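Visitor: curious how this folds, go ahead:
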Amino acid sequence: MTPERVGAGQSRWLFPLSLVTAVALLVSWFPLGTLLHQRTALSQVRGQIAVVQSQEAALAQQRRAVSSSTQAILRARQQYQLVEPGQSLVQVLPGSAGAVTPGSGDPGNQPLVAPAVAGLGGSGEVATRAPATSARAPGFLSRLVRTLEFWR
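Guide: Coordinates of the predicted model:
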């Protein structure tokens, strides 16, 4: 091999090698990852914009449906229980079959529970009352003490 051929072979590979090096530098310098991330972010935002636009169209359709005063009054009565000035709102609640059963309805309508039955004794035991030994009717003070005996 002559020295002229060796130099020609090196120059033949020098251009493609420098081209590959330039492309590698360009790719490493160019923020390809950032560009891809921004594209995915843009596509997500476009999806959100589409959702908001569809919601806006639905709200515009509702606005057109309620634009008449009769529809607005009907919706105000049905959804918000509003009445016109001078009117009063009466709500009829569903009732039971007539008898008040424990655990249903208003607790104020239920019968009272005796403190002895409720177990409100101070020691954690159910308080019991001793039978009266006297045949005569108890006085006011003894009735008051028996009524308030759960305070002991």
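Visitor: so what does P85 have for phi and psi?
Guide: P85 adopts backbone torsions of phi -60, psi 140, taken as degrees, to the nearest 10.
Visitor: what about it, neighbour count?
Guide: 4 (other CB atoms under 10 Å). For the C-beta atoms, the positions are set from N, CA and C on the backbone; glycine is no exception.
Visitor: same question, R39
Guide: Other residues near R39 come to 10 when the count uses other CB under 10 Å.
Visitor: what's the first helix or strand after the helix or strand hosting it?
Guide: According to DSSP states H and E, R39 maps onto helix 32-65. Next helix or strand after helix 32-65 toward the C-terminus (DSSP H and E): helix 69-80.
Visitor: next, the angle helix 32-65 makes with that following helix.
Guide: Here the directions of helix 69-80 and helix 32-65 differ by 110 degrees (axes from the mean of the first three to the mean of the last three CA atoms, to 10 degrees).
Visitor: pLDDT on helix 69-80, on average?
Guide: In this model, helix 69-80 has a mean pLDDT of 84.
Visitor: contact partners of it?
Guide: Here helix 69-80 makes contact (CB atoms under 8 Å, 6 or more residues apart in numbering) with A65, V66, L82, V83, E84.
Visitor: got those residues as CSV, with neighbour count columns?
Guide: Compiled in CSV, those are given as follows (neighbours: other CB atoms under 10 Å):
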residue, neighbour count
A65, 11
V66, 15
L82, 12
V83, 13
E84, 8
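Visitor: re earlier: who does the helix holding R39 touch, helix- and strand-wise?
Guide: Using 3 or more CB pairs under 8 Å, 6 or more residues apart in numbering; DSSP states H and E as the contact test, no helix or strand touches helix 32-65.
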